[in-house]
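Participant: Quick one, structure for this:
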Amino acid sequence: MSHSTRGYKVYFLTLLASILTFSYVDRLTLGIVLQNVKSDLRLTDTQLGFLGGIAFALFYAVMGIPIARWADRGNRVTIISVTVALWSGAVALCGAAASFTQLLLVRVGVGVGEAGCIPPAHSLIAETFAREERPRAMSRYMLGMPLSVVVGYFASGWLNEFFGWRVTFACVGLPGLILAALAALTLKEPRKFRTQLRATKVARDPEVHSVPSFRDVCATLWGNTTFRHLLVAFSVWYFFAYGLLQWTPAFFIRSHGIATGELGTWFAISLGLGGLLAVYAGGELAARFAAGNERLQLIGCAISFMFFALLNICAFLAPNRYVALAAMGLAYFGGNLVQGPMLATIQTLIRSDMRAVSIALLYMFGNLIGMGFGPLAAGALSDFFHHWFGQESLRYALVFLCPGYFWAAWHVWRASRTVMRDLPPTHEAGNTPFEEDVIEPTW
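Facilitator: The predicted structure is shown next:
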């Protein structure tokens with residue numbers, strides 16, 4: 001099957017979205033089993049926040065840069081296959097941990113493996129679809145995130161309730177090994193199909209495909225005002241998002257007395273299905289009504305962030321579980337609208353030989369600041385508020401984090417004011433800097 005056919009493209013996005021799904025299922029599983037891990041290993045909320053935050057994020061972020069540099073010049077399919085196999089095996093091993101230190105070390109392995117999942121995938125997608133199609137294509141790839149909510153919360157919730165957290169981790173990790181094998185055997189690296197064309201280009205202009213140094217990449221990205229604002233927005237977004245994501249299941253267990261099986265089912269319905277619809281809708285709205293208009297797309301993203309913040313506050317302060325779940329479902333719908341348009345804008349903004357590194361830098365800062373310190377901050381706030389609020393301390397710690405989304409929204413709005421100016425000149429006609437790097441869309 002040719003790598004340019006419609007059937008291959010659908011399969012290509014489906015497999016990459018499935019890989020993304022299971023990379024996030026692991027993180028959601030940790031949130032579901034957090035209370036059981038705390039009881040079994042006798043940990044504090046601060047330790048749990050460290051475990052779900054900086055222990056994973058530090059290695060995830062640091063390893064993302066060299067892997068992305070490799071992805072901008074090497075075989076991205078190989079990178080994805082090897083790293084998916086690595087993190088899947090490490091997730092399965094989480095269930096064997098007998099102490100905080102052992103679980104901490106295994107989570108480091110998970111972080112190193114997952115660092116090679118997203119940047120190469122973004123680069124492959126941007127190289128396969130032209131500018132007008134990228135919001136839709138990126139949204140279909142990012143469907144993996146809300147799908148992970150459906151699979152992760154539902155499966156992890158019931159697996160944990162019936163078999164315990166150790167078996168749950170083993171069951172969550174093993175499917176990734178199958179996906180790694182499928183990626184290695186069936187995905188195609190587009191660079192292999194352009195060897196002759198590249199040689200012709202280089203013969204005409206030897207500098208056309210010269211690989212920029214990491215210092216040049218950083219200087220170029222930092223000199224782009226829009227990218228700077230999106231980098232800050234991404235970091236702020238992740239700080240508050242991971243603080244909320246990691247602790248929301250524990251909040252419903254403590255404040256509303258929901259068992260993990262029932263909680264997983266509710267989350268799969270209210271957050272997962274709503275998120276799937278939102279990610280799909282975000283890409284469709286951008287492709288249909290703002291194709292080639294990244295400014296309008298970013299304004300929509302800023303509005304969505306504010307919508308998310310307000311409804312999440314309502315969810316955490318709601319008097320009963322049903323109102324809380326309904327408000328949270330609406331909040332996640334608004335928050336997930338941004339996935340495709342925001343990430344597609346970044347890929348359109350950046351030259352093709354810098355795309356993987358640009359995404360790796362976004363995730364490096366987002367994960368170090370967000371995933372690294374968001375869950376830790378929420379856990380520490382919960383311990384701090386315990387003196388005044390007792391069992392409800394986690395509720396008010398999470399409410400305290402929600403307004404941070406307005407900060408992220410402000411930076412996205414600022415980016416919308418400069419994005420059309422900062423796009424590479426070749427994008428004015430809808431092309432990419434290297435036209436041979438794009439396979440024209442057929443779907």
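
Participant: The closest residue in space to Leu273 that isn't next to it in sequence: what's it in contact with?
Facilitator: Nearest residue to Leu273, sequence neighbours excluded (C-beta to C-beta, 6 or more residues apart in numbering): Val150, at 6.4 Å. In short, each C-beta sits where N, CA and C put it, glycine included. For Val150, the contacting residues are 268, 272-273, 276, by C-beta atoms under 8 Å, 6 or more residues apart in numbering.

Participant: How about Ala360?
Facilitator: So Ala360 contacts 64-65, 67-68, 115, 119 (C-beta under 8 Å, 6+ apart).

Participant: Excluding sequence neighbours, find me the nearest residue to it.
Facilitator: Nearest to Ala360 is Ala68, by C-beta to C-beta, 6+ apart, at 3.3 Å.

Participant: about what we covered before: ok, of the contacts of Ala360, which one's closest to Gly334?
Facilitator: Closest to Gly334 out of the contacts of Ala360 is Pro119 (26.7 Å), distances taken as C-beta to C-beta.

Participant: tally of neighbours for that closest one?
Facilitator: Pro119: 30 surrounding residues under other C-beta atoms under 10 Å.

Participant: low pLDDT regions in the stretch 51-200 of the chain?
Facilitator: 52-55, 57, 191-200 (pLDDT under 70).

Participant: one more time with 50, if that's ok
Facilitator: The model of the stretch 51-200 of the chain has pLDDT under 50 over residues 195-197, 199-200.

Participant: Quickly note the distance from Gly31 to Leu273.
Facilitator: 18 Å (C-beta to C-beta, to the nearest Å).

Participant: What subset of the contacts of Val150 is buried?
Facilitator: 268, 272-273, 276 (16 or more other C-beta atoms under 10 Å).

Participant: how about the nearest residue to the residue positioned nearest the centre of the chain, chain neighbours excluded?
Facilitator: Nearest residue to the geometric centre of the chain (C-alpha atoms, centre = their mean): Met145, 6.7 Å. Nearest in space to Met145, with sequence neighbours left out and distances taken as C-beta to C-beta, 6+ apart, is Tyr24 at 5.6 Å.

Participant: Mind telling me what element that neighbour is part of?
Facilitator: Here Tyr24, judged by DSSP states H and E, is contained in helix 6-41.

Participant: try Ser358
Facilitator: Judged by DSSP H and E, Ser358 forms part of helix 355-365.

Participant: Can you identify the element that follows that helix toward the C-terminus?
Facilitator: Toward the C-terminus from helix 355-365 - assigned by DSSP H and E - lies helix 372-389.

Participant: For that next one, output the C-alpha coordinates as PDB.
Facilitator: C-alpha atoms of helix 372-389 as PDB (Å, rounded to 0.1, in the frame of the first residue of the first chain):
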ATOM      1  CA  GLY A 372       6.900  18.000  37.000                       C
ATOM      2  CA  PHE A 373       5.500  20.500  39.500                       C
ATOM      3  CA  GLY A 374       1.700  20.600  38.800                       C
ATOM      4  CA  PRO A 375       0.900  17.300  40.700                       C
ATOM      5  CA  LEU A 376       3.500  18.100  43.300                       C
ATOM      6  CA  ALA A 377       1.900  21.600  43.900                       C
ATOM      7  CA  ALA A 378      -1.600  20.100  44.200                       C
ATOM      8  CA  GLY A 379      -0.400  17.500  46.600                       C
ATOM      9  CA  ALA A 380       1.600  20.000  48.700                       C
ATOM     10  CA  LEU A 381      -1.400  22.400  48.700                       C
ATOM     11  CA  SER A 382      -3.700  19.600  49.900                       C
ATOM     12  CA  ASP A 383      -1.300  18.800  52.800                       C
ATOM     13  CA  PHE A 384      -1.100  22.600  53.600                       C
ATOM     14  CA  PHE A 385      -4.900  23.100  53.500                       C
ATOM     15  CA  HIS A 386      -5.500  20.000  55.700                       C
ATOM     16  CA  HIS A 387      -5.100  22.100  58.900                       C
ATOM     17  CA  TRP A 388      -8.200  24.200  57.900                       C
ATOM     18  CA  PHE A 389     -10.300  21.900  55.700                       C
END
